[in-house]
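# take this sequence and fold it.
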Amino acid sequence: MMKIGNFTNVQEFILEGFPAAQHLGKPLFVVHLLLYLVSIMGSIVIVTITWADRCLQTPMYFFLSNFSFLESCFITTVIPKLLAIFLSGMQTISFAACLTQSFFFLFLGSTCFFLLAVMSLDRYMAICNPLHYHSIMNMRICFLLVLSCYALGFILIIGLILMVSRLSFCGLNVINHFFCDLGHLVHLSCSDTSTTESLTFLLSIVIILSSLTITVISYINIITTIINLPSAKERQKAFSTCSSHLIVLFLTYGSCVFIYVKPKQSDRLEANKEAALMNTVITPLLNPFIYTLRNKQVKKALRDALYRMKSTRQSILDLERDLTSFKTS
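Take a look at the predicted model:
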């Protein structure tokens with residue numbers, strides 16, 4: 001039996017999932033599997049296109065490809081277990097696996113928030129300081145900024161997870177969620193969780209609201225600059241580079257502020273489940289389409305890539321036909 005902290009009688013947890021929809025397990029499995037695969041494929045396309053097309057090897061698309069990679073990792077921490085629950089009813093998860101899932105969910109999620117703030121600063125520099133943009137936002141600085149997002153996310157979350165691992169779990173082991181959400185996990189502890197809940201709330205403020213503040217300030221300056229541009233064509237061009245980012249920001253911050261920025265994590269736990277489903281399934285699915293369908297450069301790169309694939313395929317077919325003709329002659 002696993003012993004963590006003072007005493008822990010709970011060896012595994014049961015993820016309740018969606019009890020009201022248990023009879024729809026297999027249809028829900030198919031739907032969520034398709035959504036997951038489409039989301040992963042969309043992120044792979046964005047990462048591949050931005051690294052393969054020279055026109056997209058700029059700071060903006062460097063950050064976008066990293067964000068897409070992060071989102072793929074983020075949903076992979078949750079969706080496979082949800083699929084197992086839908087398909088086979090495998091609702092149990094070990095204590096160590098539960099803490100591991102919580103860590104990667106929060107670590108990758110926090111890193112996404114910091115990266116969104118960095119992407120906002122990048123758009124601010126590009127629109128508000130275009131003359132100094134390329135000298136400041138070189139690839140070395142971009143790489144360091146992304147690395148800092150990962151490092152900051154890891155440092156902030158690892159301490160919280162270690163604190164939770166020292167709590168005692170000696171009774172209830174049913175988590176009213178489809179993954180090991182930290183708020184639900186802490187709620188099951190038979191230890192005094194006031195310090196842990198206070199730290200969770202503080203980190204929520206630091207991670208979500210600080211990155212949101214940076215983003216809001218950046219976009220206030222961006223919008224002010226766009227409004228003051230002399231021509232309508234310049235205003236439209238400047239806004240088009242930010243519109244997709246703004247939609248993603250709205251979708252991402254909306255659900256996460258609702259879930260995590262509450263002093264007591266036991267508040268509205270049932271409502272958190274629906275918001276978390278939006279944050280882990282729907283938003284990551286929409287983001288690749290938002291970035292591709294609303295971005296002319298990405299659409300052009302996709303068309304060029306498809307054209308090259310078509311030309312290559314046609315060349316192979318022509319070569320095979322010539323070889324066949326040569327052999328028959």
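
# where does the stretch 201-329 of the chain dip in pLDDT?
241, 255-275, 291-329 (pLDDT under 70).

# backbone dihedrals for residue 129, please?
Main-chain torsions, residue 129, degrees, to the nearest 10: phi -130, psi 60.

# tell me how far it lies from residue 221.
Distance of residue 129 to residue 221, given as C-beta to C-beta, to the nearest Å: 10 Å. For every residue, glycine as well, the C-beta is placed using N, CA and C.

# and for the nearest residue to residue 215 once chain neighbours are set aside, the neighbour number?
The shortest distance from residue 215 to any non-neighbouring residue, by C-beta to C-beta, 6 or more residues apart in numbering, is to residue 120 (4.2 Å). Residue 120 is flanked by 25 other residues according to other C-beta atoms under 10 Å.

# ok, residue 120 - contacts?
214-215, 218-219, 245, 249 (C-beta atoms under 8 Å, 6 or more residues apart in numbering).

# what do you get for residue 65?
46-47, 50-51.

# following the chain onward from the helix or strand hosting the residue nearest to residue 215, which element is next?
Element membership of residue 120 [criterion: DSSP states H and E] is helix 95-128. For helix 95-128, the following helix or strand on the C-terminal side (DSSP H and E) is helix 130-136.

# can I get the CA coordinates of that following helix in CSV?
This file holds the C-alpha atoms of helix 130-136, laid out as CSV (Å, rounded to 0.1, in the frame of the first residue of the first chain):
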residue,chain,number,x,y,z
PRO,A,130,7.7,48.1,-36.1
LEU,A,131,11.1,49.8,-36.6
HIS,A,132,12.7,48.0,-33.7
TYR,A,133,10.7,44.8,-34.0
HIS,A,134,13.2,42.7,-36.0
SER,A,135,16.2,43.8,-33.9
ILE,A,136,14.5,43.0,-30.6
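
# pull out the buried residues from it.
Residues residue 133 are the ones in helix 130-136 that count as buried (16 or more other C-beta atoms under 10 Å).

# ok now whichever helix or strand comes after that helix, how far from the chain's centre?
The C-terminal neighbour of helix 130-136 among helices and strands, as given by DSSP H and E, is helix 139-165. The chain centre lies 15 Å from the centre of helix 139-165; the measure is C-alpha atoms, centre = their mean, to the nearest Å.

# outside of the helix or strand following helix 139-165, which residues touch it?
Following helix 139-165 in sequence order, the next helix or strand is strand 174-175 (DSSP H and E). Residues outside strand 174-175 that contact it (C-beta under 8 Å, 6+ apart) are 13-16, 98, 181, 184-185, 188.

# I'd like those residues as a markdown table, with pLDDT, distance to residue 282 and secondary structure appended.
A markdown table is the format used below for these (pLDDT from 0 to 100; distance: C-beta to C-beta, whole Å; DSSP: H, G, I helix; E, B strand; the rest coil):
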| residue | pLDDT | distance to residue 282 | secondary structure |
| --- | --- | --- | --- |
| 13 | 88 | 25 | strand |
| 14 | 88 | 25 | strand |
| 15 | 88 | 20 | strand |
| 16 | 82 | 21 | coil |
| 98 | 92 | 24 | helix |
| 181 | 85 | 17 | coil |
| 184 | 83 | 20 | helix |
| 185 | 88 | 24 | helix |
| 188 | 87 | 27 | coil |
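
# just the buried residues of the residues you listed.
13, 15, 98, 181, 184-185, 188.

# what's the closest of those residues to residue 25?
The shortest approach to residue 25 among these belongs to residue 15, at 13.5 Å (C-beta to C-beta).

# which neighbouring elements make contact with the strand or helix carrying residue 80?
In this assignment (DSSP H and E), residue 80 forms part of helix 79-88. Packing contacts for helix 79-88, counted by 3 or more C-beta pairs under 8 Å, 6 or more residues apart in numbering; DSSP states H and E, involve helix 25-52.

# right, and the helix or strand after the helix it packs on?
Sequence order places helix 59-76 as the next helix or strand after helix 25-52, per DSSP H and E.

# in the helix or strand encompassing residue 217, which residues are buried?
Secondary structure from DSSP H and E places residue 217 in helix 210-227. Across helix 210-227, burial judged by 16+ other C-beta under 10 Å covers 211-212, 214-215, 218-219, 221-222, 225-226.

# residues contacting the nearest residue to residue 159 once chain neighbours are set aside?
Excluding the flanking residues, the one nearest residue 159 by C-beta to C-beta, 6+ apart is residue 199, at 8.0 Å. Residues near residue 199 by C-beta under 8 Å, 6+ apart: 159-160, 163.

# go again with 10 Å.
Residue 199 makes contacts with 159-160, 163-164, as judged by C-beta atoms under 10 Å, 6 or more residues apart in numbering.

# among these, the buried ones, what's the ChimeraX command?
Here is the ChimeraX command that selects the buried residues among the contacts of residue 199 (16+ other C-beta under 10 Å):
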select :160,163,164
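
# looking at the contacts of residue 199, spot the one nearest residue 91.
Looking across those and measuring by C-beta to C-beta, the closest to residue 91 is residue 164, at 20.6 Å.

# spit out the contact partners of the closest one.
For residue 164, the contacting residues are 4-5, 98-99, 102-103, 182, 185-186, 189, 191, 193, 196, 199-200, by C-beta under 10 Å, 6+ apart.
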